[in-house]
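Chemist: make a model of this:
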Amino acid sequence: MATEHASITAFRDEHARRNGTGEVVVLPDSAHTAALAAAALGCVVGAIANSLLFDADGEPVLVLTSGAHRVDVDATAARIGVPRLVRATPDFVRRHTGQVIGGVSPLGHPAPVPTFVDTWLRRHDTLWAAAGHPSAVYSTTYEELVVMTGAREIEVD
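Modeler: Next comes the predicted model:
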């Protein structure tokens, strides 16, 4: 058996520390987009909780949004009280999450990141989010996602 990627192991440890109940699934191929993850899991794209890191004047902001949504950055910035949100660069993402774009999980970052969750995700009984690596995902519920991340609930579109 191949050794698990260190970022997945770190995610599993953090997930367990926070008493997560979901299943971690390592897919045979990368699922770095919501569409790829949904196809691999056999679920609708809206049940994929994308972890999108934004740069708010040098500070990280994590938005957990439905794979069926686009984040309206101007409206979301106004709702969370920051001047503007800019999609983070790969280096910014790695520095603030310890993970790579396409594999950013809602948990397990080197330091706490202000987190906001798209209320649209509430429509799905089971959600799937990245587990620290582009080929790893985990199942959760909307309620568990909010509790485990300390996220504030907002509309993002």
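Chemist: can you map out the strands along the chain?
Modeler: Ranges of strands in the chain, per DSSP state E, are 24-26, 48-56, 59-66, 86-87, 115-118, 127-130, 136-140, 152-154.
Chemist: closest one to residue 34 among these?
Modeler: Set against residue 34 and scored by C-beta to C-beta, the strands of the chain come closest in strand 48-56, at 4.0 Å. (C-beta placed from N, C-alpha, C; glycine too.)
Chemist: that older thread, just name the most buried of the strands of the chain.
Modeler: strand 127-130 (a mean of 26; mean count of other C-beta atoms under 10 Å).
Chemist: returning to that earlier point: for the strands of the chain, give me CSV that also has distance to residue 18 and mean pLDDT.
Modeler: Formatted as CSV, the strands of the chain follow (distance: least, C-beta to C-beta, whole Å; pLDDT from 0 to 100):
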stretch, distance to residue 18, mean pLDDT
strand 24-26, 13, 94
strand 48-56, 15, 96
strand 59-66, 15, 97
strand 86-87, 27, 96
strand 115-118, 13, 97
strand 127-130, 13, 96
strand 136-140, 11, 96
strand 152-154, 18, 97
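Chemist: now the longest helix anywhere in the chain, how far from the chain's geometric center?
Modeler: Counting residues, the longest helix in the chain under DSSP state H turns out to be helix 6-17. Once both centres are worked out by C-alpha atoms, centre = their mean, to the nearest Å, helix 6-17 turns out to sit 14 Å from its chain's centre.
Chemist: one step back: I'd like the strands of the chain as a markdown table, with distance to residue 5 appended.
Modeler: Below are those laid out as a markdown table (distance: least, C-beta to C-beta, whole Å):
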| stretch | distance to residue 5 |
| --- | --- |
| strand 24-26 | 8 |
| strand 48-56 | 17 |
| strand 59-66 | 21 |
| strand 86-87 | 25 |
| strand 115-118 | 23 |
| strand 127-130 | 12 |
| strand 136-140 | 8 |
| strand 152-154 | 30 |
